[in-house]
Every structure is written in C-alpha cells, then in structure tokens.
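>>> Mind looking at a prediction? Sequence and model below.
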Amino acid sequence: MQALLRKLTPPLAIAAASALTVVGCGSSSSGGSGSGGSGTMNIGVIYPFTGANADQGAIGMAGCLAGAAEVNAAGGVLGHKFVCKPFDTKGDPADATAAANQMMASANPVMVIGASDDAVTTAPIVTAADVPNFATIGDPHFDHQTNQYFYRITPSDALQGVALGYWAASHFQRPAAVFTSDLGAQTSVPPMRGEMTKLQHKLVADATLAPDQSSYRTEVAKIIAAKPDAIISEMDPQSAATFLSEYKQLAGQLPVILGTQRTSNSDWIQAVLGGIGQASYAKAIKAITPYVPPTSPSHTVYASWLMKQGGKVKDPSQYLQHPYAIADYDAINITALAMVEAKSTAPAAYDKFISKVTAAATGAVPVHSYPEGLKAVKAGQQIQYVGAGGDLPFNQYHSAERAFSYDNYDPASKSMTPVTVIPGSVLNG
C-alpha cells in the first residue's frame, strides 16, 4: 500500500488566523426565478458565526466572497450578480432552525452553502423549497441520501475515519484513540475502528471524553499507562488544549497526535499552541484532512480572488489551503456554471445541471474558473469544472468523494500543510 502514496511539494503557506468580519455584498435580491434581466441574487451562508464553532462562519464567508467576486467580475450570471448573506446557527439545533427559516423567508436565496453539523437541521428546510444546498458536513447520515437538491462537496467522516485508521495502522505500532463525545467527533470513530480491524491492527487504548471539562487527568493517566506511540483524535479546541497540556505535564512529552480537519482551524491551533507551546506542537501535531492540490490553475484563481477580499475577510491568507473554504468557493462556481448551462437562474431549472458541469464525461473540456467555463459554454462546448479542490464529480448520492492528505504543522505560517496524498483507491478498496 505504501507504493500508492506520493510525496508533494509543500504548498502555499497559510497565515495564522482569527475570525472573519462578517459582511455581505449587498442587500437586495431578484429571487433568481428568471432567465435574464438584472439585479442581485442572494447566496445563503448558514453556519455558526457565534458560539463554540464560530470559526465555521468565517470559513464559509471567505469561500463565498471569493467565489462571488470572481463571478461578478465576469459580468455575473445572465445579468445578475451574487450576494453573500450570512445567517447564524450558533451551532445549536433550535437556533439553526430559526436561522434557516429566516433565511428562506427574508433572503429568497438561489442557493445555500453550509452548514457543517447543522446541515442535519437546516438542509431539509432549504431543500424543501427546491433550493440547492451545498454542505461541508461529514456526517455519514448523508452518505446514501437521495435528495436531488442536496450536494456534499467534502468527503464523508466515514471516509475520513477510514483514512485515520489506515494511516495509524500503516505507520504506528501502538496507537491509541481519544475522541470527545460530541457528534462531530464521533462520526469518524466507527469507521476508524473498522479499518484498524480490517488491517489486523489494534488500539492500545480507546477513550471518549466529555467535552470542555476543567481536567482530564484520570483519562490522561490511563492513556499514558498504555504507552501509545500515537493518539488518533478529534477534540474541540478547549478540550484538546486541556487534555494535551495535562498529558505533556504528566508524561514529559507528547506522542504523535493524529488529528482531523479540526486541527487546521485557527481557533484550534491558537488554543492548543497556548496549551503545549510551539516546539511540542510542531513535533507532535499531525492531521488527516481532505486533500487540496497545492498548485493548480483553479487554485491560482481562487487564491487571487481570496486575497482581494482583505477588506471583508480578516487575514484571508489563512484560507488559502483550507478545504472547507475552497469547497464553498467551488460551490459558487459550480452553481454559476449550472445556471449558464440551464439558461436560467431558477433553482428548480438549474439544479439538474449541477452534476453535469462537474462530470468527467467523454469529450468534456476541463475548465478551471467561471470566466473560462462561461466562454466554453457560450461556444457550445460541454465542460467539466475542475475546482480549486480538484476533480469534483458527484456520485449517485451527490457526494464529491475526494482523496485525503497527511499534514504536518508549519511553524512559519502556523498552519497545517499537506505532505503526502492518500489516494481514494486505498480508502475505497
């Protein structure tokens, strides 16, 4: 299996981050129900903008603003310009329901991006109105969903769990597992354990933590006693900082900490850096994340538009390699190209073209930006949008399955950067 892995050139650096200043691009909407004319069309950005997961809103807005700027600079779609409208779920199901209902009633969105774990609550409200919803949720509940208006543009947590188990079994002799009990962390656990069993490898310890406790010394002592050479983990920032700082205090040093995409978020990096220090962080913290090609024509375009959002996005460089910001950016381009193909901005009309513009069909012309795709469609060519996140063909369940990467921490940029690709052929075998 090792022969399937290949080394990469370190990607474009990402600066350390703080939250994005939430701003829209306008306030009016044409409703997107026509096939021409002028006006604006709202994109609903429904994520937590406040609360424990407030970083998700910043990520979503960064992707939306970059995508909308690119589309609008090319003249918009059929005479309409995109507007990014934020709605705050606060990371709570009740607040998420209220936010989704408010969004649909007040913004009349032509498409929606978001909202990570909240999609379980918000997506049914959005899709019931026949509006396409692009989500970055990893919940395996959506692995075999059949809603025609729902699209997942990031990999399932089930596949992420397989990637975690595969890497741990392939590279460590005595791995342990420590996950918090919240849904976002737990969805990766069963497939991780299953992959370990499949590869005839065992965990030396397996712990589930209640989030946000003031101390985990009892659990830490049990893990240390098992003498792991690595800890597979997903924890929220506060829990991770507490657990890892106590582990370091009791053991003297940390083993490899193999995390998920959560370790790439600025709030997690800042909290854990404060708990264990930069030297320990750089040595111990690794991650398995959805792979983003460090260099590609589409990524170059994305980076250009993202960095132009400095007046609206705080420290935009932190999102240059962020797979979820990139996923939301790609969703904007896919939507715009589907509208052009459909010759309509009406959601029910353009929805059927979403899978078409990303499919690797025979004779399809690869395009890497909205202007390039717009030109090709006008010339009568069939297109395949290859995004900043790579190839994005949707399967029968509207999931764009992607490869993962093994990431190291880069102290210079205070970010996680990919080192090795884990091909989908390994994980889906």
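Everything's here; your move. Numbers count the residues shown, from 1 in each chain.

>>> can we go C-alpha only for contacts and neighbour counts from here?
Will do.

>>> Where does pLDDT dip in the stretch 301-429 of the chain?
For the stretch 301-429 of the chain, the stretches flagged by pLDDT under 70 are 401, 424-425, 428-429.

>>> Sketch out the strands for it, chain order is fine.
Secondary structure of the stretch 301-429 of the chain, counting by DSSP state E, counting those that start in this stretch: strands at 365-367, 383-387, 390-391, 404-410, 415-422.

>>> Deepest-packed of these, please.
Stretch with highest mean neighbour count among those: strand 383-387 (a mean of 27; mean count of other Cα atoms under 10 Å).

>>> Indicate each strand paired with that strand and its parallel or antiparallel sense.
Partners of strand 383-387 in the sheet, by DSSP bridges, are strand 365-367 (parallel), strand 390-391 (antiparallel).

>>> Identify whichever of those lies nearest to Phe49.
Phe49 sits nearest to strand 390-391 of all the strands paired with strand 383-387, at 27.4 Å, using Cα to Cα.

>>> Can you list the neighbours in contact with that closest one?
Residues outside strand 390-391 that contact it (Cα atoms under 8 Å, 6 or more residues apart in numbering): 292-293, 358, 385.

>>> Return the distance of the closest residue to Tyr370 other than its chain neighbours relative to Asn42.
Take Tyr370 and drop its neighbours on the chain: the residue closest to it by Cα to Cα, 6 or more residues apart in numbering is Asn333, 5.7 Å away. Per Cα to Cα, to the nearest Å, Asn333 is found 14 Å from Asn42.

>>> same question, Ala119
Applying Cα to Cα, the value for Ala119 to Asn42 is 19 Å.

>>> Repeat that for Ala282.
Taking Cα to Cα, one finds Ala282 at 41 Å from Asn42.

>>> on that earlier part again, which one of Asn333 and Asn42 has more residues nearby?
Each of Asn333 and Asn42 has its neighbours counted (other Cα atoms under 10 Å); Asn42 has more, 27 against 24.

>>> Name the residues linked to the more buried one by a beta bridge.
Asn42 has these beta-bridge partners by DSSP bridges: Val83.

>>> where's the residue positioned nearest the centre of the chain relative to Arg262, distance?
Centroid-nearest residue in the chain, with Cα atoms, centre = their mean: Tyr324, separated by 2.6 Å. Distance of Tyr324 to Arg262, given as Cα to Cα: 11 Å.

>>> tally of neighbours for Gly274?
13.

>>> which residues does the closest residue to Pro411 other than its chain neighbours contact?
Nearest residue to Pro411 in three dimensions, chain neighbours excluded: Ala282, at 6.4 Å (Cα to Cα, 6+ apart). Applying Cα under 8 Å, 6+ apart to Ala282 gives the contacts 408-411.

>>> Repeat that for Lys356.
Lys356 is in contact with 338, 384, counting by Cα under 8 Å, 6+ apart.

>>> again with Ala338
By Cα under 8 Å, 6+ apart, the contact set of Ala338 is 350-351, 353-354, 356-357.

>>> Out of the residues you listed, which is nearest to Ala94?
For the contacts of Ala338, the nearest to Ala94 is Asp351 (28.4 Å; Cα to Cα).

>>> Could I get the contacting residues of the closest one?
Contacts for Asp351 (Cα under 8 Å, 6+ apart) come out as 132, 148-149, 338.

>>> Do a quick rundown of the helices in the stretch 1-150 of the chain.
Using DSSP state H, counting those that start in this stretch, the helices of the stretch 1-150 of the chain run over 55-73, 93-106, 119-127.

>>> Any idea which of those gets closest to Ala230?
helix 55-73 (27.3 Å).

>>> For the closest one, name the packing helices and strands.
Other helices and strands packing on helix 55-73, by 3 or more Cα pairs under 8 Å, 6 or more residues apart in numbering; DSSP states H and E, are strand 39-47, strand 80-88, helix 297-307, helix 323-342, helix 370-378.
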